[in-house]
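S.K.: got a structure for you, letters missing:
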């Protein structure tokens, strides 16, 4: 088979994406090993720490139930900074627009970006705009980069999970991926499934009041909860056991997943955070989450059972047990 | 009522597990049950069903994944059509990554072929109507559940006078291979979990010959975990009581007669034909070809293609896996040379394939 070709699966956030990163992108560009990879890079300069991240948004359709590419691009980068425990400060915006795109729709997207930035408390400090000929891009692509600072000395990253940690999530899984998918496929549903797209920095800041009890924060975007937890298990070299019955899941999302043959564990979220924290703090964190507007449906969904193994398994709703692996190939192309 | 929740109820499932354990308590010889539907295979792995059964009850997977039983030669034809100009290939998603002799649809798409994933044959037909200058080919792979939807698309195309919609047909029917496998002493099949959706079309009576002539108990079973457990319980009970009948566990959707409307459509659009099954070979009368009356929609009759002599991947035990003779993890390529990212055999590709299910859900301490 021809291995010289980049496939859509290489951008899925699953195993193929990891392979491309490990084999080509990281060795060529920097050489930082797997264990050092997080949602944002944490850097030091003149004794002070700051976080830096970048992300590109190519979601199709550009407008989806519960949001659009603009809000998504701002919230996504804000969240990547928040996931290393940083307070987002400024972001930049790069627009790549296809010739013929509507000025009115662009205005709507920019308004969403401005509103999302205001809500998250970040300023949009730099930007760039390019227009490419019709057919050379799909409507509009957006890149955002962001810088955040630290007002604490906590080490929060994917290598920091410890045996006994409880795993929390701040609400229902799969909403964003299914909202986009349903819109794209023109599915007519009785209930509207809205994207959960939201900035999490405010919620995270409240959770960080628990201090050193918080070990890992990660937003389960592409590849979903399953892929994200598998990454953490590998990065921290621990084994994780999940309780399927404890997962918050909307009935409509479960229904669409069943219809399309998808597993909600692998569907993208844009306003969810997985928190791995010391067991004694878990109940307090759950309470804090539930008090927050973005955490009303929060739940404890599993725990880190052992050091070593890099395994994730799940006790199924009926009491069986199965393994959980990373997303293979493409599940939902271009959901972010 | 939340219709699906009671079929995933932990207490109901536990109760069924206890009944199966009681039925087999005094028994040392194994009871081997085969499922012949990929959705059952997935459900069994996804809910960890095997762990809930006593060691005497063995569940093995048969040729129930339509993508998996499709021979390499079919994929080679698909690739050849995808390379033709002004052609749109429409398919259900699973076909994209199945390796042919030297390429896949996914590679062809990355090279510029127009390949679209659809969720319904009528979407493919609509695409043909929107693109009158192009040839739209739907990959007709599947069992008795998908065949009527393809029949419907052909009937609709005929009534609307659409002339650029085609099907590359490789439909299969399940009861005859079931008889073939039940006669194999090496497998020693004691009972069949019969497919749910297929049976909604063909009716439970389609398996009567298996129960009556071959003495194999059959239970038409639903896909939810409580369905599967109850289907297993009913089969185990038949085996213990030395009965062989066709019973319907999935009575909320399946009748003895099936769906006469869908059956009539199948009879109108297709004719029974011999079919090649990957790993098993040609089974007489186990396939559906497009009938002469609708030959205009058969892409192979209208535009035949030449393809290379199909080459099966070396070392791949897909064939043995499909017959239930080896478990996925017994294949030397499993998880090593053959992974979901770089599949060698179709069983690792399809979301309903045994190897993909075992790889994705199997790793448990």
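M.R.: Structure's in. What do you need? Every value quoted in this text rests on a predicted model; they were computed, and no experiment measured them.
S.K.: could you use CA atoms for every contact and neighbour count after this?
M.R.: Noted.
S.K.: what pLDDT is listed against residue B:363?
M.R.: As summarised for this prediction, residue B:363 has a pLDDT of 58.
S.K.: now residue A:56
M.R.: Looking at residue A:56 specifically, the model assigns a pLDDT of 96.
S.K.: contact partners for the spatially closest residue to it that is not a sequence neighbour?
M.R.: In space, residue A:56 comes closest to residue A:143 once its chain neighbours are excluded; the distance is 4.1 Å by C-alpha to C-alpha, 6 or more residues apart in numbering or on different chains. With C-alpha atoms under 8 Å, 6 or more residues apart in numbering or on different chains as the criterion, the residues that contact residue A:143 are A:54, A:55, A:56, A:57, A:73, A:93, A:94, A:95.
S.K.: what's the pLDDT at residue A:143?
M.R.: Spelled out, the predicted local distance difference test score at residue A:143 is 98.
S.K.: likewise residue A:14?
M.R.: We note a pLDDT of 73 for residue A:14 in this prediction.
S.K.: and it, how far from chain B?
M.R.: Noted for residue A:14: a distance of 10 Å to chain B, by C-alpha to the nearest C-alpha, to the nearest Å.
S.K.: residue A:74 and residue A:55: what is the separation?
M.R.: Counting by C-alpha to C-alpha, to the nearest Å, the separation of residue A:74 from residue A:55 is 10 Å.
S.K.: counting neighbours, go ahead and name the busier of these two.
M.R.: Taking neighbours as other C-alpha atoms under 10 Å in any protein chain shown, residue A:74 and residue A:55 compare with residue A:74 leading, 32 against 17.
S.K.: residue contacts, residue A:80?
M.R.: Each residue near residue A:80 by C-alpha under 8 Å, 6+ apart is listed here: A:39, A:40, A:53, A:219.
S.K.: by residue count, what's the longest strand in the chain?
M.R.: Went with chain A since none was named. In chain A, taking DSSP state E as the definition, the longest strand is strand A:87-98.
S.K.: not quite, I wanted chain B
M.R.: strand B:281-290.
S.K.: buried stuff in that strand?
M.R.: For strand B:281-290, a neighbour-count test (16 or more other C-alpha atoms under 10 Å in any protein chain shown) marks B:283, B:286, B:287, B:288, B:289, B:290 as buried.
S.K.: partners of the helix or strand in which residue A:215 is found, with directions?
M.R.: Secondary structure assignment for residue A:215, by DSSP states H and E: strand A:214-218. Based on DSSP bridges, the strands next to strand A:214-218 in the sheet, each with its direction, are strand A:274-277 (antiparallel).
S.K.: for the strand it pairs with, which outside residues touch it?
M.R.: Residues from elsewhere that reach strand A:274-277, judged by C-alpha under 8 Å, 6+ apart: A:161, A:165-170, A:213-220.
S.K.: what residues does chain A have near chain B?
M.R.: By the rule C-alpha under 8 Å from any C-alpha of the partner chain, the part of chain A lying against chain B is A:1-2, A:5-8, A:15-16, A:260, A:313, A:316-325, A:328-329.
S.K.: which helices and strands does the longest strand of chain A pack with?
M.R.: Contact partners of strand A:87-98 among helices and strands, from 3 or more C-alpha pairs under 8 Å, 6 or more residues apart in numbering or on different chains; DSSP states H and E: helix A:69-82, strand A:123-132, strand A:140-149, helix A:201-207.
S.K.: okay, the ones you listed, which one's buried deepest?
M.R.: helix A:69-82 (a mean of 29; mean count of other C-alpha atoms under 10 Å in any protein chain shown).
S.K.: and that one with strand A:87-98, angle?
M.R.: 150 degrees (axes from the mean of the first three to the mean of the last three C-alpha atoms, to 10 degrees).
S.K.: roughly how far is helix A:69-82 from the heart of the chain?
M.R.: Taking C-alpha atoms, centre = their mean, to the nearest Å, the mean C-alpha location of helix A:69-82 is offset from the chain mean by 9 Å.
S.K.: what mean pLDDT does it have?
M.R.: Along helix A:69-82, the predicted confidence averages to a pLDDT of 98.
S.K.: one more: stretch B:228-235?
M.R.: If you average the pLDDT over stretch B:228-235, you get 98.
S.K.: quick check, pLDDT for residue A:34.
M.R.: The predicted local distance difference test score for residue A:34 is 52.
S.K.: in what helix or strand does residue B:76 lie?
M.R.: With DSSP H and E as the criterion, residue B:76 is inside helix B:72-82.
S.K.: the helix or strand just after that helix: how far from the chain's middle?
M.R.: Proceeding C-terminally, helix B:72-82 gives way to strand B:87-91 as the next helix or strand, assigned by DSSP H and E. Taking the mean of its C-alpha atoms, strand B:87-91 sits 21 Å from the chain's own mean (C-alpha atoms, centre = their mean).
S.K.: so what secondary structure elements neighbour the helix holding residue B:76?
M.R.: By 3+ C-alpha pairs under 8 Å, 6+ apart, helix B:72-82 packs against strand B:87-91, helix B:105-110.
S.K.: highest mean neighbour count out of the ones you listed?
M.R.: With neighbours taken as mean count of other C-alpha under 10 Å, the helices and strands packed on helix B:72-82 reach their highest mean count in strand B:87-91, at a mean of 24.
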